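**Q** return atomic coordinates for the entry below.
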Amino acid sequence: MNHIFNVLKTVLVDRATDIAGRSNRSEYWWYMLYAGIITLVLMIVDNHVLGYTFYSLLNPLADANDSGVLTALFTLGTIVQSVCLTARRLHDRGHSGWWQLGTLMPFFNFIVIYWLARDAKDTPDALNYVNPYGTRD
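**A** Got it, this is the predicted structure:
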């Protein structure tokens, strides 16, 4: 339980708007896992406990209503931190944070997801150049 709070505190509070640094693979994927679990729990609470849903997080243009106020508040409250974290993760791979716009384009998004899943370019050959996006904290 302590790991969950440490990861969420690091991403959501300590490095909330740090877009110039680098984030390693474990920080990125642990946060995405925990944020996904929190979102699913909030969707269940919205749908079954509150009973008030007004949109679908998974398919916004569909008629299905499985998300409500709590899910929307969590999503809006963490969108800036998630964008900053993804930019830092791409920096760790040696790419610009602007590449995350590629996730909006079909088929091109697989390249960006591949970069997010790969380990950093801290191999001996890659250490010969300076990462223009900063050092790993």
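
**Q** contacting residues for the residue sitting nearest the centre point of the chain?
**A** Among the residues of the chain, the one closest to the centroid is S82, at 4.1 Å (Cα atoms, centre = their mean). With contacts defined as Cβ atoms under 8 Å, 6 or more residues apart in numbering, the neighbours of S82 are Y31, A35. For the C-beta atoms, the positions are set from N, CA and C on the backbone; glycine is no exception.

**Q** quickly find the element holding it.
**A** helix 69-92 (DSSP states H and E).

**Q** quick one: mean pLDDT for that helix?
**A** When pLDDT is averaged along helix 69-92, the result is 89.

**Q** export that helix as PDB, just CAs?
**A** Only the C-alpha atoms of helix 69-92 are listed here, as PDB (Å, rounded to 0.1, in the frame of the first residue of the first chain):
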ATOM      1  CA  VAL A  69     -19.000  12.900 -11.800                       C
ATOM      2  CA  LEU A  70     -16.300  11.200  -9.800                       C
ATOM      3  CA  THR A  71     -14.600   9.700 -12.900                       C
ATOM      4  CA  ALA A  72     -14.700  13.100 -14.700                       C
ATOM      5  CA  LEU A  73     -13.300  14.900 -11.700                       C
ATOM      6  CA  PHE A  74     -10.400  12.400 -11.400                       C
ATOM      7  CA  THR A  75      -9.700  12.500 -15.100                       C
ATOM      8  CA  LEU A  76      -9.700  16.300 -15.200                       C
ATOM      9  CA  GLY A  77      -7.700  16.500 -12.000                       C
ATOM     10  CA  THR A  78      -4.900  14.300 -13.300                       C
ATOM     11  CA  ILE A  79      -4.700  15.200 -17.000                       C
ATOM     12  CA  VAL A  80      -1.900  17.700 -16.600                       C
ATOM     13  CA  GLN A  81       0.200  15.400 -14.500                       C
ATOM     14  CA  SER A  82      -0.400  12.500 -16.900                       C
ATOM     15  CA  VAL A  83       0.800  14.600 -19.900                       C
ATOM     16  CA  CYS A  84       3.900  15.800 -18.000                       C
ATOM     17  CA  LEU A  85       4.700  12.200 -17.000                       C
ATOM     18  CA  THR A  86       4.300  10.900 -20.600                       C
ATOM     19  CA  ALA A  87       6.600  13.800 -21.800                       C
ATOM     20  CA  ARG A  88       9.200  12.800 -19.200                       C
ATOM     21  CA  ARG A  89       9.000   9.200 -20.200                       C
ATOM     22  CA  LEU A  90       9.500  10.100 -23.800                       C
ATOM     23  CA  HIS A  91      12.500  12.300 -22.800                       C
ATOM     24  CA  ASP A  92      14.000   9.200 -21.100                       C
END
